[in-house]
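1. What shape does this take:
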Amino acid sequence: MTADEYIQAAPTLVLYDSLTKTRSVLEQHQNVLVSVSGGADSDDMVDVVEHLKTERQRITYVWFDTGIEMAATKRHLADLQEKYKIEIKREKGAMPVAGAVKSVGYPFYSKNFSESIYRLQRHGFEWEDEPFDVLLKKYPNCRAALRWWCNNYKDGPHRPLQTEIGSARGMKEFMVKNPPNFLISKRCCDEAKKKAAYMAGRKYSADIQFTGVRRSEGGPRSTAIKSCMADGAHGKRHYPLFWWRDSDKKAFEVAYGIVHSDAYTVYGCTRTGCAGCPFAGHFEKELEMLHKYEPHLAVAVENIFKPAYEYTRKYREFKNSL
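-> The predicted model follows:
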């Protein structure tokens, strides 16, 4: 199938427009780095790139090993290499997740919450339930995190957003009574993946990096990114699937015969990535699945994330008792 035929076969207008845009982006760049995760969106992106690339491009596919990836994902990478006759290079992060959590902090609840808690911990916060003005005098260099803690925002009273502590029922009361005795942060992702992606871009002299982010999937990445193109401190990026809705994704996969890994088709996962990550609100179900299909990995992540799991379970018990 030629590139023209591939685009013409798009079953929705959103897909047709995005494929046309991606083809244009490819034509304008020589060295393209494609981040492959082995997940569902990544599968779609690889198919798009392989059908729209030209002989002019040098395409480098890279997978970042966090140290807690499922065997199903690794098998799928081999399947992708065989299907498309490509090489997917393996790169490691600045440190694996197991080392990162001990060094920079454990994930808890959400990335926004973890970052605010991290900043409070860095300033020796004592988890006091005091007004914002009182706490600001005691911790003058921690204004943003104190606003989070006190639900004190410049735009006045409003229904708490998901990024604010007031959105988590009983969270503040829980933390006042049960201050965390371990370091919390969102930064293990930086050490295990983000820094690796930046270094890979430099290593392979990439003009642009492709990543399979979709706005409709939600989460901090999809809401922070405003367009399918970005040009920032870490170089130029393109998100070929950015505008795809869930219905577009489903239509694409039916039309082009995309097959996902066993993690989806056998295990029943709805996401892949760092196995058992505490940021996934349903990590208990994920642990159940891992014990069934990949027991060695289940034991490993239970040890790696133990403080975060225990603290989350304790918070849930507290919340349910209110």
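
2. Tell me, please, the helix or strand in the protein that averages the lowest pLDDT.
-> Least confident helix or strand of the chain, by mean pLDDT, DSSP states H and E, is helix 219-224 with a mean of 55.

3. next structured bit after that helix?
-> strand 229-232 (DSSP states H and E).

4. Would you mind writing the CA trace of that following strand as PDB?
-> Provided in PDB are the C-alpha atoms of strand 229-232 (Å, rounded to 0.1, in the frame of the first residue of the first chain):
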ATOM      1  CA  MET A 229       3.500  19.900  17.400                       C
ATOM      2  CA  ALA A 230       5.900  21.200  20.100                       C
ATOM      3  CA  ASP A 231       9.300  22.800  20.100                       C
ATOM      4  CA  GLY A 232      10.700  23.300  23.600                       C
END
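
5. tell me how far that strand is from the chain's mean position?
-> In this view, strand 229-232 has its centroid 18 Å away from the chain centroid, taken as CA atoms, centre = their mean, to the nearest Å.

6. wait, is residue 63 part of a strand?
-> Yes - assigned with DSSP: H, G, I helix; E, B strand; the rest coil, residue 63 falls within a strand.

7. Surely it is in contact with residue 77?
-> Yes - here residue 63 lies in contact with residue 77, judged by CB atoms under 8 Å, at a distance of 5.9 Å. Every residue, glycine included, has its C-beta placed from N, CA and C.

8. intersection of neighbour lists for those two?
-> Common neighbours of residue 63 and residue 77, counting by CB atoms under 8 Å, 6 or more residues apart in numbering, are 36, 38, 88.

9. For the first one, grab phi and psi.
-> Main-chain dihedrals, residue 36, degrees, to the nearest 10: phi -110, psi 120.

10. wait, isn't it in contact with residue 87?
-> No - contact status for residue 36 versus residue 87: not in contact, 10.7 Å apart, counting by CB under 8 Å.

11. who's more crowded, those two?
-> Each of residue 36 and residue 87 has its neighbours counted (other CB atoms under 10 Å); residue 36 has more, 25 against 11.

12. Distance of that one relative to residue 240?
-> Computed as CB to CB, to the nearest Å, the residue 36 to residue 240 distance reads 13 Å.

13. Name the residues contacting each of these two.
-> Joint contacts of residue 36 and residue 240 (CB under 8 Å, 6+ apart) are residue 45.

14. Which residue, other than its chain neighbours, is closest to residue 39?
-> Nearest non-adjacent residue to residue 39, counting by CB to CB, 6 or more residues apart in numbering: residue 272, 4.4 Å away.

15. which ones are touching that neighbour?
-> Counting by CB under 8 Å, 6+ apart, residue 272 has contacts 37-40, 70, 72-73, 261, 263-264.

16. Now render these as JSON lines, adding secondary structure.
-> Listed next are these as JSON lines, based on three-state DSSP:
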{"residue": "37", "secondary structure": "coil"}
{"residue": "38", "secondary structure": "coil"}
{"residue": "39", "secondary structure": "coil"}
{"residue": "40", "secondary structure": "helix"}
{"residue": "70", "secondary structure": "coil"}
{"residue": "72", "secondary structure": "helix"}
{"residue": "73", "secondary structure": "helix"}
{"residue": "261", "secondary structure": "coil"}
{"residue": "263", "secondary structure": "helix"}
{"residue": "264", "secondary structure": "helix"}
